[in-house]
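Mind looking at a prediction? Sequence and model below.
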Amino acid sequence: MAITKTDFINYTRCKRYAALEEVKREKLEADISYETYKELELKENLSEIVSSMYEINEETGIETNLLEKVDRQLEAMMEYYKLVEIEAGRIATKTFGGKSVYAEKTKEQECFDFSLNGIHYVCYVDIYNEKEDEINIIEVKATTSKKYMDLMAGHKKCEKFSIWKRINNINYLKGECFDYNLETEMPLEEYEKKREKLFDRYRLGQYIYDLSIQRYFIEHELISTHTEEKLTKFHYYLGVLNTDYVFDGTYEGKNPIYNSDSEGNELITFFDMTQITEEYQKLIDIDRKNLEIYLQNLDVTPCPLSVSCSYKSRIECKYFSTLCGNMIPKSNSSMHYIHNNAGFLREDGTRIKGLDLINEGYRNMLDVPECWITKNYHRIQRESIELDKVYIDKEKILAGLSQLEYPIYHLDFETMPCPVPRFRGEWPYIQSPFEFSLHIEHAPGVCDKDKDNIVFLAKTHKDEREEMIQLMLKYMNPDKGTLLSQNVAFEKGRIKELASMFPDYRMDLMKLYNRGFDLLWIVNTNSKMYEDLGFDEERSKTFNFYDKRLSGSFSIKKTLPVFSNLSYDNLVVKNGTEAIVEYANYEKMSKEEYELKYQALIAYCKQDTWAMVEILNALRNLVKDLSKNGENVVMFT
Ligand code: SF4
């Protein structure tokens, strides 16, 4: 029976997982081959890149099922993943010195294994770096340094500092740096609280848990082969993409050359996890013992849903949607109450939220006892189902519409969130635009689907950003009108980045940036804007429109069918992820396929902005019809 690192992570989630895997016992009974091992690990590692292809915005409700991963997406991103691994190997040798064995020389990758109680535990090491007196084990992840550097603390009302200090491209916990005067920056308790987050295996500690399993396997191999004297030579690091790195645009032929940037940053940076993984060993040992019990008992009875299921995260358990969590209603479940992170206050003073609501039988929105509902917007959500009515705040919608200046530029970007930067001025995982669609609405309702539409779509993978900016500025007057998008912060973010990378266009781009307005401020709300317009705090916080079909989300997928008959079903490219895949696959296409997919990409992006024109028009007509009854806040069938 063979257990890889990925198996270990999954089998220790809960007692049920191993039993559900029983159907695949052939795999467990065999000794695992290098090829099978790599295939399993690769899929796991690529999931970080694939998850970056989705837009998840809790505030606006834009959310996508991360389980809709298909092999084409993985394939499309494969070359970038390989590049991350190879660059990590190169930069590891530059940073640590000595010799490194890494992905480029696949079959030579160092393998560690040991057997215990009839189970063969096995792992391969991404980078094995060896010097005379030191062995560095480096786990490479296509994630960014930001999530770790953002662990910040400080004294009350003072500047906040990261708990990490970077020295020669290696990040050390400040508490582990010799002679570092930590208390001048933050109270020790605050530092410890932040450090503790590294031990949450289902959130920030996810990759450190992974590295700690490797350490466990390595140390057990050394012990079982009576080479314990080597233990002290080992150091453990995570190698991740450096968010501070800016690509200078150097190429050799078509290939980018990732030199150190002007600030001395490298594309990959390393986090010293030697002490943390040491502290993890006790926990891994407990998990290993549990794993053996689970495998022995094979208890298939349901367990309570919990953090182990990693619901809606990139590492969601594969049995969640198909089995364990399939009783959760697809729409209007108790977890679809908006802005409900704090959960509900029960009569006994305790709080309940998320999966615990499901575990305790409160599955539907209406299962939640009425006396627990204290927020106005939750009451509206509930009444929309109970009374089968739509909520409309006509006065707020009219006030929102009055803020629009004409022409309205309905704008939407398609972007490539590439793990490695591709063009000058970019950094890892920047959302690099390769397409935009613009519909120009000259006066209320005056916009032709075809004549008033401009689409830019990059023809190649070369840098076509300047051409794109020129086309935007040719049709969008920076001194007049409104830049309108659904989730405008995204479009504004891209415009600001382009402004910083192309100084010749900076002033005009920033004028456009300042004209940004979100379609959701009219459908949903914008507390500050409505308070400034004279609405009271409670009403400003409450959405302007609610229909039970929204099921707690204001994503375009939910709002479009409520306001329009437009559908993406008949399009070749149906969503943003498919758009990225088609663009990423340009060079693999035949001429005919390229022509077809190029037009499909244009049709998809055009539909995104036309959808906004239709939604805006529907909102205008809605309040126009309501004007007859003179009511401001209404519920109607
Ligand atoms: S979905 Fe949750 S309860 Fe079910 S097997 Fe996975 S971790 Fe266990």
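Noted; the coordinates are in hand. Residues are numbered from 1 along each chain as shown.

pLDDT averaged over the host helix or strand of residue 395, what's the number?
Counting by DSSP states H and E, the element that carries residue 395 is helix 394-401. Along helix 394-401, the predicted local confidence has a mean pLDDT of 96.

partner strands of the next helix or strand after it, parallel or antiparallel?
With elements assigned by DSSP H and E, the helix or strand that comes after helix 394-401 is strand 408-417. In its sheet, strand 408-417 lies beside strand 431-441 (antiparallel), strand 482-485 (parallel), with partners assigned from DSSP bridges.

out of these, nearest to the ligand?
strand 431-441 (31.2 Å; Cβ to the nearest ligand atom). (Each C-beta comes from the backbone N, C-alpha and C, glycine too.)

And that closest one, how far out from the chain middle?
Put simply, strand 431-441 sits 22 Å off its chain's centre (Cα atoms, centre = their mean, to the nearest Å).

after that strand, next one along is what?
If you walk from strand 431-441 toward the C-terminus, the next helix or strand you reach (DSSP H and E) is strand 453-457.

picking that back up, and the helix holding residue 395, what's buried?
For helix 394-401, the buried set under the neighbour-count rule, 16 or more other Cβ atoms under 10 Å, comprises 394-400.

From those residues, pick the one nearest residue 357.
Out of the buried residues of helix 394-401, the one with the shortest distance to residue 357 is residue 396. That distance is 30.3 Å, counting by Cβ to Cβ.

how far away is the closest one from residue 567?
Residue 396 is 29 Å from residue 567, where distance means Cβ to Cβ, to the nearest Å.

And the pLDDT for the nearest residue to residue 241 once chain neighbours are set aside?
Leaving aside its chain neighbours, residue 241 sits nearest to residue 428 (3.8 Å; criterion: Cβ to Cβ, 6 or more residues apart in numbering). Confidence per residue is given as pLDDT, and for residue 428 that number is 96.

Show the contacting residues for residue 428.
By Cβ atoms under 8 Å, 6 or more residues apart in numbering, the contact set of residue 428 is 144, 241-243, 245, 267, 418-421.

Lowest mean pLDDT among the helices and strands of the protein, which one is it?
Within the chain, confidence by mean pLDDT, DSSP states H and E is lowest for helix 25-29 among all helices and strands, at a mean of 52.

burial measure for residue 131, as a count.
With neighbours defined by other Cβ atoms under 10 Å, the count for residue 131 comes to 12.

Equivalent analysis for residue 251, please.
Counted with other Cβ under 10 Å, the burial measure for residue 251 works out to 12 neighbours.

One more: residue 262?
For residue 262, the number of neighbouring residues by other Cβ under 10 Å comes to 8.

Over to residue 378?
Counted with other Cβ under 10 Å, the burial measure for residue 378 works out to 19 neighbours.

Could you double-check that it sits in contact with residue 342?
No. Distance between residue 378 and residue 342: 11.6 Å, which falls outside the contact criterion (Cβ atoms under 8 Å).

Could you list the contact residues of the protein toward the ligand?
Within reach of the ligand by Cβ under 6 Å from any ligand atom, the chain has these residues: 13-14, 16-17, 20, 303, 305, 308-309, 317, 319-320, 324.

which two in the residues you listed are spaced the farthest apart?
Using Cβ to Cβ, the residues of the chain next to the ligand reach their maximum pairwise distance at 20 and 305, which is 14.2 Å.

Which one's more surrounded, the two?
Taking residue 20 and residue 305 together and counting by other Cβ under 10 Å, residue 305 has the greater number of neighbours (21 against 17).

ok, the more buried one touching residue 312?
No. Contact between residue 305 and residue 312 fails when scored by Cβ under 8 Å: they sit 11.7 Å apart.

How far off centre is the helix or strand hosting residue 608?
Using DSSP H and E, residue 608 sits in helix 591-626. How far helix 591-626 lies from its chain's middle: 25 Å, per Cα atoms, centre = their mean.

Compute the inter-axis angle for that helix and strand 408-417.
For the pair helix 591-626 and strand 408-417, the angle between their directions (axes from the mean of the first three to the mean of the last three Cα atoms, to 10 degrees) equals 140 degrees.

quick one, helix 591-626 and strand 453-457 angle?
For helix 591-626 against strand 453-457, the angle by the same axes, to 10 degrees is 140 degrees.

Helix 591-626 relative to helix 394-401, how many degrees between them?
Relative orientation of helix 591-626 with respect to helix 394-401: 130 degrees, computed using the same axes, to 10 degrees.

Now for residue 86, how many residues are close by?
The burial count for residue 86: 14, using other Cβ under 10 Å.

Quick check, pLDDT for it.
According to the prediction, residue 86 has pLDDT 92.

so it touches residue 102, yeah?
Yes. If you go by Cβ under 8 Å, residue 86 and residue 102 touch, sitting 7.5 Å apart.

Which of the contacts of residue 428 sits closest to residue 197?
The closest of the contacts of residue 428, once distances to residue 197 are taken by Cβ to Cβ, is residue 144, at 16.3 Å.

ok, now how distant is the closest one from residue 172?
18 Å.

Pick out whichever of those two has more residues nearby.
In this comparison of residue 144 against residue 172, neighbours counted by other Cβ under 10 Å, the higher total goes to residue 144 at 22 against 19.

which ones are touching the residue of the stretch 1-150 of the chain found nearest the ligand?
When Cβ to the nearest ligand atom is the measure, the stretch 1-150 of the chain has its nearest residue to the ligand at residue 14, with 3.5 Å between them. For residue 14, the set of contacting residues under the criterion of Cβ under 8 Å, 6+ apart consists of 303, 306, 308-309.

From the ligand, how far out is residue 227?
Residue 227 sits at a distance of 36 Å from the ligand (criterion: Cβ to the nearest ligand atom, to the nearest Å).

do the same with residue 157
In this structure, residue 157 and the ligand are separated by 42 Å, where distance is defined by Cβ to the nearest ligand atom.

what residue ranges in the protein score low on pLDDT?
In the predicted model of the chain, residues 23-71, 103-107, 627-637 satisfy pLDDT under 70.

can you list the domain ranges for it.
2-297, 406-514+555-636 (automatic domain parsing).

Adding distance to residue 333 as columns, could you present these in CSV?
Listed next are the domains of the chain as CSV, based on distance: least, Cβ to Cβ, whole Å:
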stretch, distance to residue 333
domain 2-297, 13
domain 406-514+555-636, 14
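
how about those domains, which one is nearest residue 545?
For the domains of the chain, the distance to residue 545 is smallest for domain 406-514+555-636, at 7.6 Å, taking Cβ to Cβ.
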